[in-house]
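1. Just a sequence and a predicted model for now, questions to come.
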Amino acid sequence: MCRVLIDLSNMLTPEFRLYGGSTVPRCEVHVDKRFPDYIAIQFCALGQMNFVRGRAAQVTFEQPTFFWTDLRHRYRYWPGPAGFWHHHWVAFQGKCMRAYYLPLLNRLAPKGYLELAKSEAMQEAFEAAIEMVTERPDFPKAERLAIDHILYVAWRDRRQLKKSRSDRLERLRQEMMAHPETRYEWKETAARLGFSTSHFRRLFSERYGHPPQEYMLQCRMQKAARLLREGELSVQEISYALGYEDPAQFSHVFKKKYGLSPRNYRAAMPL
């Protein structure tokens with residue numbers, strides 16, 4: 001007699017199941033809750049959204065951002081200054097949540113969110129997964145593959161964005177060093193590089209140790225010191241060359257940096 005053993009735990013708690021999902025083109029909801037029995041991976045494609053996980057500081061998404069909610073934290077999110085965001089979400093349950101997806105999401109986005117370089121591929125990946133919520137394909141693993149594809153797109157975009165950010169910031173730094181007399185409007189500079197102003201300041205400070213304005217001032221004073229040592233230009237000419245309309249202002253900034261006025265700095269240089 002053939003005996004068939006059935007694992008009832010697999011019937012009661014399936015390995016993987018899509019729990020729900022949708023696209024909300026103009027989302028204006030205010031969420032403040034825990035998600036005790038499922039994981040939701042979500043995408044802010046357009047607009048602005050405020051986000052808080054647990055006791056972490058509030059952040060505002062101002063560019064395409066992947067984020068996720070899990071079983072451990074309380075989450076709050078609501079519209080940012082724009083008043084809405086374009087929202088995609090897919091939720092899933094199953095035994096693999098803790099064993100596989102939680103560790104993977106923690107590596108992908110330790111803070112609970114990940115800003116992306118582009119939005120088109122991520123929107124397509126979410127739309128494919130959301131479609132499966134209603135259609136329930138015959139292929140048993142299709143739903144999980146759809147989630148895995150979303151995470152692959154996020155992982156790929158994270159690498160691309162990290163390199164792109166690094167390249168853009170380094171080009172700006174080289175530009176600042178070569179032409180420290182340039183006057184920057186940092187809000188416009190941030191927008192040109194594809195950042196919000198606050199995000200640009202934070203990334204620049206993390207990479208180079210100083211906010212952009214302070215770094216720019218250091219470049220300017222380093223060039224001033226070099227020109228003073230070379231001795232070919234007067235203090236007034238140097239101040240104009242570095243973008244100062246008032247030589248007295250230049251002298252004040254220089255003395256604050258080096259402890260000597262430009263004239264005394266030059267006089268202290270060996271002949």
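-> Cool, the structure landed. Residues are numbered from 1 along each chain as shown.
2. could you measure the residue lying closest to Gly54 once chain neighbours are set aside against Gln42, distance?
-> Closest residue to Gly54 apart from its sequence neighbours, by Cβ to Cβ, 6 or more residues apart in numbering: His73 at 4.2 Å. Any C-beta I mention is one placed from the backbone N, CA and C, and that applies to glycine too. From His73 across to Gln42, the span is 14 Å (Cβ to Cβ, to the nearest Å).
3. between these two, who's got more neighbours?
-> Of the pair His73 and Gln42, Gln42 is the one with more neighbours under other Cβ atoms under 10 Å, namely 22 against 14.
4. hmm, which helix or strand of the protein has the shakiest average pLDDT?
-> Every helix and strand of the chain was ranked by mean pLDDT, DSSP states H and E. The lowest is helix 8-12, at a mean of 35.
5. going on from the helix with the most length in the chain, what's the next piece of helix or strand?
-> Secondary structure of the chain per DSSP state H: the longest helix is helix 142-178. Remark: after helix 142-178, the chain's next helix or strand is helix 186-193, criterion DSSP states H and E.
6. Excluding sequence neighbours, find me the nearest residue to Leu172.
-> Leu193 (6.7 Å).
7. need the contact list for the one you found.
-> Counting by Cβ atoms under 8 Å, 6 or more residues apart in numbering, Leu193 touches 168-169, 172, 200.
8. Gly80 now?
-> Counting by Cβ under 8 Å, 6+ apart, Gly80 makes contact with 47-50, 60-62.
9. Give me the contact list for stretch 142-156.
-> Applying Cβ under 8 Å, 6+ apart, the set of residues contacting stretch 142-156 from outside is 16-18, 41, 66, 90, 92, 96, 101, 104-105, 108-109, 114, 116, 121-122, 125-126, 128-129, 132, 136-137.
10. just the buried members of those?
-> Neighbour-count burial (16 or more other Cβ atoms under 10 Å) applied to the contacts of stretch 142-156 gives 16, 18, 41, 66, 90, 92, 96, 101, 105, 108-109, 114, 116, 121-122, 125-126, 129, 132.
11. Out of those, name the ones that lie in helices.
-> Going by DSSP H, the helices hold 96, 105, 108, 121-122, 125-126, 129, 132 from the buried ones among the contacts of stretch 142-156.
12. Show me the shaky parts of the stretch 101-250 of the chain.
-> Judged by pLDDT under 70, the stretch 101-250 of the chain has its weakly predicted residues at 136-140.
13. now do 90
-> Within the stretch 101-250 of the chain, the stretches with pLDDT under 90 are 102, 115-119, 131-145, 155-168, 187-188, 190-200, 202-203, 231-232, 245.
14. Can you name the residues that contact the residue most central in space within the chain?
-> In the chain, the centroid-proximal residue (Cα atoms, centre = their mean) is Glu115; its distance is 4.3 Å. Counting by Cβ under 8 Å, 6+ apart, Glu115 makes contact with 61, 63-65, 161, 199.
15. how about 7 Å then?
-> Glu115 makes contacts with 63, 65, 161, as judged by Cβ atoms under 7 Å, 6 or more residues apart in numbering.
16. Bridging across strands, which residues link to it?
-> Counting by DSSP bridges, Glu115 forms beta bridges with Thr65.
17. Starting from Gln48, give me the distance back to it.
-> 13 Å.
18. Stretch 165-173: which residues count as buried?
-> Within stretch 165-173, the residues scored as buried using 16+ other Cβ under 10 Å are 165, 168-169, 172-173.
19. Same question for stretch 245-255.
-> Buried residues in stretch 245-255, defined by neighbour count with 16+ other Cβ under 10 Å: 247, 250-251, 253-254.
20. can you check stretch 178-196 too?
-> 180, 189-190, 193, 195-196.
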